[in-house]
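**Student:** Give me coordinates for this.
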Amino acid sequence: MCPAQPGAQRPVDQGAQTLPAVRAATADCVDELAAVAARTFPLACPQSVSPASIASFIDANLSAARFAEYLADPQRLIFTAREADRIVGYAMLVHGVGADADVMRAVDIRPAVELSKMYVLPQRHGHGVSAALMNTALAAAADRGAACVWLGVNQKNQRAQRFYTKHGFIIKGTRTFRVDECLEDDYVMVRVI
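**Tutor:** Purely as a prediction, here's the structure:
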C-alpha cells in the first residue's frame, strides 16, 4: 500500500460527494497501480480486441515493473486518485508528442504533453474521480510549461470522448494504436492550456 505524502491533495467534500485525494505516485505504489491498470485497461478496449491481446498488452505495458520504469523516467508524471487509502484511478503524463507522424500532424502546438493514460475503477465512474485526475493532470502540464495536452482515444469509446470534450479537448486527427496484434483506430484530441 502506498503511504500518504505530505502536501498531497486531500479529499474535498463537495456537498454529499467527497472527491478523492490526488497525488503523485511513488515507487511503493507500483503493485497497486498495476492491479488497477489490469482491471481498467480492458474497459477502454472495443469488443474487436481479443482477451488474449488485452492480456498481452497489460503484461508488456502495465506491469509493476513497467510502472517502476515509468516512475523513474523524468519525462513522465503519474498521479493517483485515492479513496480510503486505496488507488481508485490514475493518470500518466508524458512530455512531447513522440515520433508518430499522424500525432505530429495532429498536435501542431508545442510544447506538448500527452495524457497517456487515465483510468478509473468502474465502481467509481460518475463520482468525480476522473475530473479530479484531469484537473490535476492539466495543472501539472501547465506547470511544466506545456502549451497543450493531447491524448489518443479509441474511436468507438464514445463515453471517454464525451468526457474529454467536456474538459475542453477537440478532435484534431487520427492515429493507429496497437494492442498486441490488433490495430485500433484512435482519435487524437488536443486541449490548449
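**Student:** Show me the helices in this protein, by range?
**Tutor:** Shown for the chain, the helices assigned by DSSP state H span residues 30-40, 51-61, 64-72, 101-106, 129-143, 158-166.
**Student:** Mean neighbour count and distance to Arg191 for those - can I get that in CSV?
**Tutor:** For every residue, glycine as well, the C-beta is placed using N, CA and C. Listed next are those as CSV, based on neighbours: other Cβ atoms under 10 Å; distance: least, Cβ to Cβ, whole Å:
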stretch, mean neighbour count, distance to Arg191
helix 30-40, 19, 22
helix 51-61, 15, 24
helix 64-72, 16, 22
helix 101-106, 16, 13
helix 129-143, 19, 7
helix 158-166, 15, 8
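**Student:** Out of these, flag the one nearest Val190.
**Tutor:** Closest to Val190 of the helices of the chain is helix 101-106 (Cβ to Cβ; 6.9 Å).
**Student:** who's in contact with the closest one?
**Tutor:** 97-98, 150, 152, 172-176, 188, 190 (Cβ atoms under 8 Å, 6 or more residues apart in numbering).
**Student:** Show the contacting residues for the closest residue to Ala142 other than its chain neighbours.
**Tutor:** Nearest residue to Ala142, sequence neighbours excluded (Cβ to Cβ, 6 or more residues apart in numbering): Ile193, at 4.8 Å. Residues near Ile193 by Cβ under 8 Å, 6+ apart: 138, 141-142, 146-149.
**Student:** One more: Tyr164?
**Tutor:** Tyr164 makes contact with 151, 153, 189, 191 under the criterion Cβ under 8 Å, 6+ apart.
**Student:** Recalculate using a threshold of 6 Å.
**Tutor:** Met189 (Cβ atoms under 6 Å, 6 or more residues apart in numbering).
**Student:** Would you check how far apart it and Leu183 are?
**Tutor:** Distance of Tyr164 to Leu183, computed by Cβ to Cβ, to the nearest Å: 22 Å.
**Student:** just to revisit the earlier point, which two from the contacts of helix 101-106 end up farthest apart in space?
**Tutor:** Thr176 and Val190 (17.6 Å).
**Student:** Of these two, which one has the most company?
**Tutor:** Val190 (21 against 11; other Cβ atoms under 10 Å).
**Student:** Correct me if wrong: the more buried one contacts Val149.
**Tutor:** No - using Cβ atoms under 6 Å, Val190 makes no contact with Val149, being 7.3 Å away.
**Student:** Low-confidence ranges, this structure, go.
**Tutor:** The model of the chain has pLDDT under 70 over residues 1-17.
**Student:** Can you tell me who Tyr187 pairs with across the strands?
**Tutor:** Per DSSP bridges, the residues bridged to Tyr187 are Val153, Thr174.
**Student:** what sits against it?
**Tutor:** Neighbour list for Tyr187: 153, 155, 171, 174 [criterion: Cβ under 6 Å, 6+ apart].
**Student:** Now for the residue nearest to Ala146 when sequence neighbours are not counted, how many residues are close by?
**Tutor:** If you skip the residues right next to it in sequence, Ala146 has Val113 as its closest partner in space, 4.1 Å away by Cβ to Cβ, 6+ apart. Counted with other Cβ under 10 Å, residues neighbouring Val113 total 28.
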